[in-house]
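Asks: Starting from these lines, generate the structure:
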Amino acid sequence: MKQFLMRALLASALGGVVLLGQVHAQAAEVPLGASLQDLLSYAREHNPELAARKLEAAANRERIEPAGALPDPKFLLELMDVTNTMSGGGASLLPGAVGQTRYRVVQPVPFWGKRELRSGVAEALADQSARVADSTALEVEARIKTAYVRYYQADGQSAILGETLSLVDALSRLVETRYSVGLVPQQDAIRAHSELTTLKIERVEAERRRRDAAAKLNAQLPRRADAPLDVPTQLPEIPARLDLAALFERAKSLSPSLARERLGTDAAAKARELVHLNRYPDFSVGVTNNRPQNGTDSWDVMLELNIPLQQSSRRAQEREAERRVDAARSQVAAAEARLNGLLGEAYAAFDANVDKARLLRGTLLPQARANFDAAMAGYESGRVNFNTLIEAERQILRARLALLDAETEIHIRLAELELLVGAPL
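Replies: Numbering: from 1, shown residues only. Okay, the predicted model is just below:
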């Protein structure tokens, strides 16, 4: 009895260890894929491209304070009469052991306004870097959305082909039964088996596309190519109505790419002002402590300024700065035109696929199913041949796959629109 209890306890303990190991393994790699939002949240935390852009933006932000800071002061040590000719002593390089020792501290001071403009240029460039990080985040999310939709499409194709395969398998058994009693020719049985084999081949290809789509989706997160992914449940809701003009207006205010170009204009304008201030001199203020070897200490105050004589060079720099401002403004206009064109293309494709899906769902698919039902009834009564029935089945398959493709394209184009606008729609 005691041995039996010991064995039972040992088996229970081993079972607990196995169960804990399974729980740990599941916690180590939680399947994703059922929800798009879970995938996006995972990428925001783990995608190295996003992390790199954020760190670059943070690094560029640290340039603002040094850009507007005063230059470091300078310390000068000057040894006068190191040969001690005046005092009759021997040569020396030690402070206090020469004719006179001078200690000088000099602080460079830029002309008024230059430090603020340098900070402004650095801030605009840091903001540009932040907008690059925002654009990268939108691009990564758009790629994940597209990969998810492709994964949903491949999974849906496999499911549709599986359902059609079950239907044709049932038809094949029906044909074999009717052929066994001499109601249909042998060609019907051969055609049914041929259609069954064709569908099996198509499903094998669909499964390959599904695995390929899963690997590409994992790569965007990033995860191992063979990391487990749940079956996608459904695609996100699409907006009821989109207006192209309204989309462009939103994009002009929200698009990180446009914001980046505008910040380039701000940086160029501040750089131009800084170049204009180079017409005026920079200063240096110094204080000197004079220590004669055998005398009394004295103090000097120094004011130094550079003389901006090279006016032709400065005028060329000013013209360069003006051209850079004009070029930055043209870049903004070009970016807006490019954005407008891309929005138009994506919107046209989105709208066309919405109409296509509506016609497939509301007209063609019901017609195909009605045609199949009629063909099935006609085949059972002997009024139509088996080829007509198979063609009706093929029509349903084509309609369902076309509807899936149209719904897929709708969401891919929606992801493009969101990327261009810079915000969810």
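Asks: okay, CA-based contacts and neighbour counts for the rest of this
Replies: Noted.
Asks: I'd say Asp226 and Ala215 touch.
Replies: Yes. Using C-alpha atoms under 8 Å, Asp226 makes contact with Ala215 at a distance of 6.3 Å.
Asks: Which residue of those two possesses the greater neighbour count?
Replies: Counted by other C-alpha atoms under 10 Å, Asp226 and Ala215 do not tie: Ala215 has more neighbours, with 21 against 13.
Asks: what about the residue nearest to the more buried one when sequence neighbours are not counted, how many residues close to it?
Replies: Nearest residue to Ala215 in three dimensions, chain neighbours excluded: Ala225, at 4.4 Å (C-alpha to C-alpha, 6 or more residues apart in numbering). By the criterion of other C-alpha under 10 Å, Ala225 has 16 neighbours.
Asks: Spit out the contact partners of Ala225.
Replies: Contacts for Ala225 (C-alpha atoms under 8 Å, 6 or more residues apart in numbering) come out as 214-216, 218-219.
Asks: List the buried residues of stretch 164-177.
Replies: Buried positions in stretch 164-177, judged by neighbour count with 16 or more other C-alpha atoms under 10 Å: 164-165, 168-169, 171-172, 175-176.
Asks: worst-scoring helix or strand of this protein, pLDDT-wise?
Replies: Lowest by mean pLDDT, DSSP states H and E among the helices and strands of the chain is helix 2-28, with a mean of 38.
Asks: and Val384, how many neighbours?
Replies: Close neighbours of Val384, defined as other C-alpha under 10 Å, add up to 15.
Asks: That one contacts Ala374, correct?
Replies: No. Applying C-alpha under 8 Å, one finds Val384 not in contact with Ala374, separated by 9.6 Å.
Asks: CA-only coordinates of stretch 302-322, as PDB, when you get a sec.
Replies: In PDB, the C-alpha atoms belonging to stretch 302-322 read as follows (Å, rounded to 0.1, in the frame of the first residue of the first chain):
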ATOM      1  CA  MET A 302      41.600  92.400 -22.400                       C
ATOM      2  CA  LEU A 303      38.900  92.800 -25.100                       C
ATOM      3  CA  GLU A 304      39.500  91.100 -28.400                       C
ATOM      4  CA  LEU A 305      37.300  91.100 -31.500                       C
ATOM      5  CA  ASN A 306      37.700  89.700 -35.000                       C
ATOM      6  CA  ILE A 307      37.400  92.100 -37.900                       C
ATOM      7  CA  PRO A 308      34.900  90.800 -40.600                       C
ATOM      8  CA  LEU A 309      36.800  92.200 -43.600                       C
ATOM      9  CA  GLN A 310      36.200  89.400 -46.100                       C
ATOM     10  CA  GLN A 311      32.900  90.800 -47.300                       C
ATOM     11  CA  SER A 312      32.800  89.100 -50.700                       C
ATOM     12  CA  SER A 313      33.200  85.700 -49.000                       C
ATOM     13  CA  ARG A 314      30.400  86.500 -46.600                       C
ATOM     14  CA  ARG A 315      28.100  87.700 -49.400                       C
ATOM     15  CA  ALA A 316      28.600  84.400 -51.100                       C
ATOM     16  CA  GLN A 317      27.700  82.600 -47.900                       C
ATOM     17  CA  GLU A 318      24.600  84.700 -47.600                       C
ATOM     18  CA  ARG A 319      23.600  83.900 -51.200                       C
ATOM     19  CA  GLU A 320      24.100  80.300 -50.500                       C
ATOM     20  CA  ALA A 321      21.900  80.500 -47.400                       C
ATOM     21  CA  GLU A 322      19.200  82.200 -49.400                       C
END
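Asks: ok so Val105 is a strand residue?
Replies: Yes. Counting by DSSP: H, G, I helix; E, B strand; the rest coil, Val105 is part of a strand.
Asks: nearest spatial neighbour of it, skipping sequence neighbours?
Replies: Nearest residue to Val105, sequence neighbours excluded (C-alpha to C-alpha, 6+ apart): Phe75, at 4.6 Å.
Asks: what about the closest residue to Gln186 other than its chain neighbours, which helix or strand?
Replies: Excluding its sequence neighbours, the residue lying closest to Gln186 (C-alpha to C-alpha, 6+ apart) is Tyr179, at 6.6 Å. Using DSSP states H and E, Tyr179 sits within helix 114-180.
Asks: who's in contact with the one residue sitting closest to the centre of the chain?
Replies: Geometric centre of the chain, nearest residue: Val140, 2.4 Å, by C-alpha atoms, centre = their mean. Shown in contact with Val140 (C-alpha under 8 Å, 6+ apart): 50, 220.
Asks: where does it sit relative to Arg44, distance-wise?
Replies: Distance from Val140 to Arg44, counting by C-alpha to C-alpha, to the nearest Å: 9 Å.
Asks: list the residues that contact both of the two?
Replies: Here Val140 and Arg44 have Leu50 as joint contacts, going by C-alpha under 8 Å, 6+ apart.
Asks: how about low-confidence regions in the stretch 101-250 of the chain?
Replies: Judged against pLDDT under 70, the stretch 101-250 of the chain has no low-scoring part.
Asks: can you rerun that using 90?
Replies: For the stretch 101-250 of the chain, the stretches with pLDDT under 90 are 167-193, 195, 221, 223, 225-242.
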